[in-house]
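got a predicted structure here, sequence first:
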Amino acid sequence: VGLNIGGALFALTTVAAGFSGPCLPLAMLVSAVPVLLAIVPYVTLTSVIPTTSASYRYSQLFSPSVAVVSLFTLLVCMLIGGQPLFALGFGKYLNALLPLNPIWTGIGVLTAFYVINLMGVKLTARIQTVLFFMLLAALILYIALGLPAVRAENFSNPFPKGVGGLLAAAGLLFTFSAGGIFVIDLGGEVMQARKTFAKALPAGIAIAVVLYVLIGIVTVGVVNVADLQGKSLIAVAERFMSGPALTYFIVGGALVACATSINIIFTLISRGFLVVSQEGLLPAVFGKVNKRYGTPHWGLTAAYLICVAALVGIPSLMFFGSMLNLGLILAISVVTLSGFVFPKRYPHLFERASTPFSARSLRLICGTILLLNTLIFAFFMVAIGKASLVFLGVVTATCVYARSRRSALKVIKERLALSTGPNPAPLFWMRKG
């Protein structure tokens, strides 16, 4: 649940309402459907191959080259989209309490969690746990006090921009559920990963979706959508909160949500640098580990500097949210492609998978996910304008870079080839879970 509920809720909900109108809760559900279905291929793969940096590893089962493009695109989208989004969101919400410049505040929170992540995962995990419970209490407060203030007339015209607006909003809200699925990236570090993910992942995402839908109902039910333009959730909360309750919602809700998201993304980025450096896809310096703390300090430093540059250069919640969500849609779609080909390409592994689904059912589910993601992706790209061109530029650049690392990709392909055929060898990155 903790990985699903993050800063995007506070930074993007009112922005998405501008696309969807009063059907915002439905857009939240639509964005969650492909993610909930994607649990099937993810859990099927992790039941056989629990491993660290799982999304990248599983993408290799479809194509090592496509996996590299997907991973580097997602890393770039996190650096120029995700981290600046949550940092700017943090700054804007703190500005409601203190007269501080949101960008400088964002740089400050980025710096704080950069230092924390340099000091290792144990400290990071402890901070994350404490912050999550503060956040959950703030969300429950918002829902409990807000539902009685919902007005039915605010839902009188639920689809002012049609299906296109609904799907565009679903694209901007994709990260709401998608974030939690990346807990599988820790598969090599979780005890009994097969059983843990099969039970915890569907339950965690489902609980988060319920919370999101209730928050969506409160948001567009309390305040007319037209009055939310350029506003944050504070504009809604002020209608039924004041004093200490409102302050706690801002601090324990918005600020904590943005902080936990920044913390998690720095952790995922550090693992990404380690993996791609070990495989020769980035210069070794980016994966060089600090002997005292066990973290890739040069890789994290480079990531931090890129995040700060993006925050200063492009202070736009819409742009940042667009980049993050497009990267997530691509990454989950590529893993879904791996799930689609998995039974036929790796039958010896599929036979060992702990899944109630047949090969045909798995392919049908994966095909449905790809169709839904394609629809959401297409309408979202049209709606966001220039940001879509930047994303296409990022994908093109990563394709060119992948071609420049042909020798490293050749080694990866040769290792994967040993895992197919009449006498398959274990996948070279398999871990016991």
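Arrived safely, thanks for sending. Keep in mind that this is a model prediction, so the values were computed, not measured. Numbers count the residues shown, from 1 in each chain.

so what's Met119 up against?
Applying Cβ atoms under 8 Å, 6 or more residues apart in numbering, we find Met119 in contact with Tyr293, Thr295. Where you see a C-beta, it was placed from the backbone N, CA and C, and this is true even at glycine.

quick one, strands of the stretch 251-400 of the chain?
Per DSSP state E, counting those that start in this stretch, the stretch 251-400 of the chain carries no strands over any range.

so which residues of it form helices?
256-278, 297-313, 317-345, 347-350, 359-384, 386-404 (DSSP state H, counting those that start in this stretch).

could you dump the ones you listed into a markdown table with distance to Leu135 added?
Supplementary listing: the helices of the stretch 251-400 of the chain in a markdown table, determined by distance: least, Cβ to Cβ, whole Å:
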| stretch | distance to Leu135 |
| --- | --- |
| helix 256-278 | 5 |
| helix 297-313 | 22 |
| helix 317-345 | 19 |
| helix 347-350 | 38 |
| helix 359-384 | 26 |
| helix 386-404 | 28 |
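
any chance of those helices in TSV, plus mean neighbour count and mean pLDDT?
Below are the helices of the stretch 251-400 of the chain laid out as TSV (neighbours: other Cβ atoms under 10 Å; pLDDT from 0 to 100):
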stretch	mean neighbour count	mean pLDDT
helix 256-278	23	86
helix 297-313	19	94
helix 317-345	24	96
helix 347-350	16	88
helix 359-384	18	97
helix 386-404	16	95
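
relative to Ala169, which of the ones you listed is closest?
Closest to Ala169 of the helices of the stretch 251-400 of the chain, according to Cβ to Cβ: helix 359-384, at 8.5 Å.

what is the closest one packed up against?
With contacts taken as 3 or more Cβ pairs under 8 Å, 6 or more residues apart in numbering; DSSP states H and E, helix 359-384 sits against helix 24-48, helix 162-172, helix 317-345, helix 386-404.

mind doing that once more with 10 Å?
Here helix 359-384 touches helix 7-20, helix 24-48, helix 162-172, helix 317-345, helix 347-350, helix 386-404, going by 3 or more Cβ pairs under 10 Å, 6 or more residues apart in numbering; DSSP states H and E.

that one versus helix 162-172: what angle between them?
Relative orientation of helix 359-384 and helix 162-172, computed by axes from the mean of the first three to the mean of the last three Cα atoms, to 10 degrees: 100 degrees.

gap between helix 359-384 and the chain center?
Distance of helix 359-384 from its chain centroid, counting by Cα atoms, centre = their mean, to the nearest Å, is 17 Å.

report the angle between it and helix 7-20.
Counting by the same axes, to 10 degrees, helix 359-384 points 70 degrees away from the direction of helix 7-20.

before we move on, back to that, as JSON lines, the helices and strands packed on helix 359-384 with distance to Thr105 would be great.
Shown next, in JSON lines, are the helices and strands packed on helix 359-384 (distance: least, Cβ to Cβ, whole Å):
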{"stretch": "helix 7-20", "distance to Thr105": "14"}
{"stretch": "helix 24-48", "distance to Thr105": "27"}
{"stretch": "helix 162-172", "distance to Thr105": "23"}
{"stretch": "helix 317-345", "distance to Thr105": "14"}
{"stretch": "helix 347-350", "distance to Thr105": "48"}
{"stretch": "helix 386-404", "distance to Thr105": "24"}
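
could you list the low-confidence segments of the protein?
Residue ranges of the chain with pLDDT under 70: 1-4, 120-128, 183-200, 419-433.

which strand or helix spans the most centrally placed residue in it?
Note on the chain: the residue nearest the mean C-alpha position is Gly179, at 3.3 Å, using Cα atoms, centre = their mean. Using DSSP states H and E, the element containing Gly179 is helix 175-181.

go through the helices and strands packed on helix 359-384 and name the closest to Leu74.
Of all the helices and strands packed on helix 359-384, helix 317-345 sits nearest to Leu74, with 4.4 Å by Cβ to Cβ.

related to what we said a few turns ago, Leu372: which of the helices and strands packed on helix 359-384 is closest?
Proximity to Leu372, assessed across the helices and strands packed on helix 359-384 by Cβ to Cβ, is greatest for helix 24-48 (4.3 Å).

helices or strands up against that closest one?
Judged by 3+ Cβ pairs under 10 Å, 6+ apart, the packing partners of helix 24-48 are helix 7-20, helix 54-60, helix 162-172, helix 175-181, helix 193-222, helix 317-345, helix 347-350, helix 359-384.

Pro64 is nearest to which of the helices of the stretch 251-400 of the chain?
Closest among the helices of the stretch 251-400 of the chain, once you apply Cβ to Cβ, is helix 386-404, at 8.9 Å.

contacts for that closest one, please.
Contact partners of helix 386-404, identified using Cβ atoms under 10 Å, 6 or more residues apart in numbering, comprise 64-77, 80-81, 281-282, 314, 316, 318-323, 325-327, 330, 377, 380-382, 384, 408-409.

again, only using 8 Å
The contact list for helix 386-404, computed with Cβ under 8 Å, 6+ apart, reads 65, 68-69, 72-73, 76-77, 318-319, 322-323, 326-327, 330, 381-382, 409.
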